[in-house]
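Q: Give me coordinates for this.
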Amino acid sequence: MKTSTRSVSIGLKHRHLSDSLELLAAQTHHFIWPIQKLTVMRRSTLFLSRFLLGLWIVLAATFLWLLIPNAPDVPDNGPFAGVSIQTEQGVLLHLPNRGFRCTETEQEFQCQIDLQDQLLTLNFTKGQGYPYDLSNCRASYGGQAVGCREAGQNYAPTLAKLYEITNLNLSPQQIQSVRQTYWGINTLMRLGESPVLIWISTGLSIAAGISAAIFAWLHFGVWSKGFVSFACGFGVYQLVERFLGRVPFDVVTPYGLTPDNWIQAVRGGAIAAGIAAMLLTALLLWRRVNRFSRVLISLIIGAGIFNLAWWAFSWNVGYVLPLFSWANPLIQQGHLLALFFTVISVLVAIAAAILIWTYTNSSIRKFLCLGSGFGAIALSSHLFMYLLLDLGYTD
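A: The predicted model follows:
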């Protein structure tokens, strides 16, 4: 009887222990499952941010790979801004400057390119004061004289003339072959006749800002801090250069400064201000400073962010708005649009200054996200604008 009672008691204890273990396992699972879910979500978000950044790099590199090799690049690739062929079928074929082999004498330039197993030769007379002010174009194809006429001029990046070749008598098959051979320059010139190239650069700039903001939110470390410091320095540099550049020469010449000296002083002062702003931003992001210094640096950072935001809005949004018909009245009121961009940029700058002045982990993270986003948009916009203008794809 005692043995039976003891067995029952042991069985009850085992059951109670088993129930306790099951309850503990359920509670542990209840707490661990959200943690595991958050870990999976964080890994997915990290992968997405890196994927977006990598995708942007690939797209931007492809765009640059298409732009740079096909640029006119006067005078390195030729003395003219571009040569095209007007066919009898009404098709306009563009030839890349880099495809020509050019030689020069004291009086003229001669450029040649192989075209459908024939040699296209162009001769130009140099300008008197400016060698690329070409005149008297003579062209031959396969040893036979063909037409050559001036078709305008462009900055590429030096001011040079455009020429159009006629009467080559190319067959439809030859036209298709030339177009396929030089598909890059023909695609770019076709896009350059519309705002498509600017839209592409705008889209890439906005995508850069979004990718940089996401990356900074998830990786608020050395890379994000370094990039934002550089972006703020660039913003201050642009702001100082734009402000001092508006000073009339008549104001500074009484002090013994020539226009050239003033331009150099403005550029040097802007660079010095930009470097100082970059170093101060880095100092505040990497270490604590006293209250007065934090307020001063926050104001400087706000000025840099203001310029970045203003450029991001005025350049990119200004080209996006025409896509929407409802924005036409706003676009026609240019001064109101500029005022709107200025007000929004001031609000962004105030938000950035408050975030960095607060100086908590959360506020610094938000500041890095904001600064990276607008910094990437502004820097990308400057890069693409410079390339499109300097390479001669847009005016």
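
Q: Can you check the pLDDT for residue 262?
A: If you check residue 262, the pLDDT there is 87.

Q: Isn't it up against residue 251?
A: No: counting by CB atoms under 8 Å, residue 262 sits too far from residue 251 to count as a contact (9.1 Å). (Each C-beta comes from the backbone N, C-alpha and C, glycine too.)

Q: Which of these two has more residues huddled nearby?
A: Neighbour count, other CB atoms under 10 Å: between residue 262 and residue 251, residue 262 has more, with 19 against 10.

Q: Name the helix or strand for that one, please.
A: Per DSSP states H and E, residue 262 falls inside helix 259-286.

Q: Which SSE is immediately downstream of that helix?
A: Heading C-terminal from helix 259-286 (DSSP H and E), you reach helix 291-311.

Q: Quick one: list the elements packing against that next one.
A: helix 222-245, helix 259-286, helix 334-358, helix 361-390 (3 or more CB pairs under 8 Å, 6 or more residues apart in numbering; DSSP states H and E).

Q: what does it contact?
A: 231-236, 238-239, 242, 277, 280-281, 283-284, 289, 341-342, 344-346, 348-350, 352-354, 356-357, 359, 370-371, 374-375, 377-378, 381-382 (CB atoms under 8 Å, 6 or more residues apart in numbering).

Q: now these: which count as buried?
A: By neighbour count, with 16 or more other CB atoms under 10 Å, these hold 231-236, 238-239, 277, 280-281, 284, 341, 345, 348-349, 352-353, 356-357, 359, 370-371, 374-375, 377-378, 381 as buried.

Q: Quickly list the domain ranges of this protein.
A: 82-192, 196-390 (automatic domain parsing).

Q: Minimum distance to residue 68: which of the ones you listed has it?
A: domain 196-390 (7.5 Å; CB to CB).

Q: What number of residues are in the vicinity of residue 183?
A: Residues near residue 183, counting by other CB under 10 Å: 12.

Q: got the residue ranges for the helices in the stretch 101-250 of the chain?
A: Taking DSSP state H, counting those that start in this stretch, the helices of the stretch 101-250 of the chain run over residues 172-181, 183-192, 196-218, 222-245, 249-252.

Q: Present those helices as CSV; the columns should include mean pLDDT and distance to residue 273.
A: Converted to CSV, the helices of the stretch 101-250 of the chain look like this (pLDDT from 0 to 100; distance: least, CB to CB, whole Å):
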stretch, mean pLDDT, distance to residue 273
helix 172-181, 91, 49
helix 183-192, 81, 36
helix 196-218, 88, 24
helix 222-245, 94, 4
helix 249-252, 83, 18
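
Q: Same list as before, those that is, but in a markdown table and with distance to residue 393 included.
A: Formatted as a markdown table, the helices of the stretch 101-250 of the chain follow (distance: least, CB to CB, whole Å):
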| stretch | distance to residue 393 |
| --- | --- |
| helix 172-181 | 19 |
| helix 183-192 | 5 |
| helix 196-218 | 6 |
| helix 222-245 | 23 |
| helix 249-252 | 32 |
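
Q: how about the ones you listed, which one is nearest residue 145?
A: helix 172-181 (18.9 Å).

Q: Just the angle for that closest one relative to helix 183-192, thanks.
A: 90 degrees (axes from the mean of the first three to the mean of the last three CA atoms, to 10 degrees).

Q: Extract the C-alpha trace of helix 172-181 and format it as PDB.
A: Provided in PDB are the C-alpha atoms of helix 172-181 (Å, rounded to 0.1, in the frame of the first residue of the first chain):
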ATOM      1  CA  PRO A 172      18.800  51.200 -96.600                       C
ATOM      2  CA  GLN A 173      21.000  48.300 -95.600                       C
ATOM      3  CA  GLN A 174      24.000  50.600 -95.200                       C
ATOM      4  CA  ILE A 175      22.000  53.100 -93.200                       C
ATOM      5  CA  GLN A 176      20.900  50.300 -90.800                       C
ATOM      6  CA  SER A 177      24.500  49.100 -90.500                       C
ATOM      7  CA  VAL A 178      25.800  52.500 -89.600                       C
ATOM      8  CA  ARG A 179      23.100  53.000 -87.100                       C
ATOM      9  CA  GLN A 180      23.900  49.700 -85.400                       C
ATOM     10  CA  THR A 181      27.600  50.400 -85.500                       C
END
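
Q: Now find how far off-centre that helix is within its chain.
A: 33 Å (CA atoms, centre = their mean, to the nearest Å).

Q: outside of it, which residues touch it?
A: 85, 87, 89, 91, 93, 115, 116, 170, 186.

Q: got the contact list for the third one?
A: Neighbour list for residue 89: 172, 175 [criterion: CB under 8 Å, 6+ apart].

Q: mind running it again at 10 Å?
A: 170, 171, 172, 175 (CB atoms under 10 Å, 6 or more residues apart in numbering).

Q: so which of those residues is the most crowded?
A: Ranked by the number of neighbours (other CB under 10 Å), these place residue 170 first, at 20 neighbours.

Q: which one is it nearest to, not counting chain neighbours?
A: Nearest residue to residue 170 in three dimensions, chain neighbours excluded: residue 87, at 5.6 Å (CB to CB, 6 or more residues apart in numbering).

Q: what's the answer for residue 366, then?
A: Using CB to CB, 6+ apart, the closest residue to residue 366 is residue 355 (5.2 Å).
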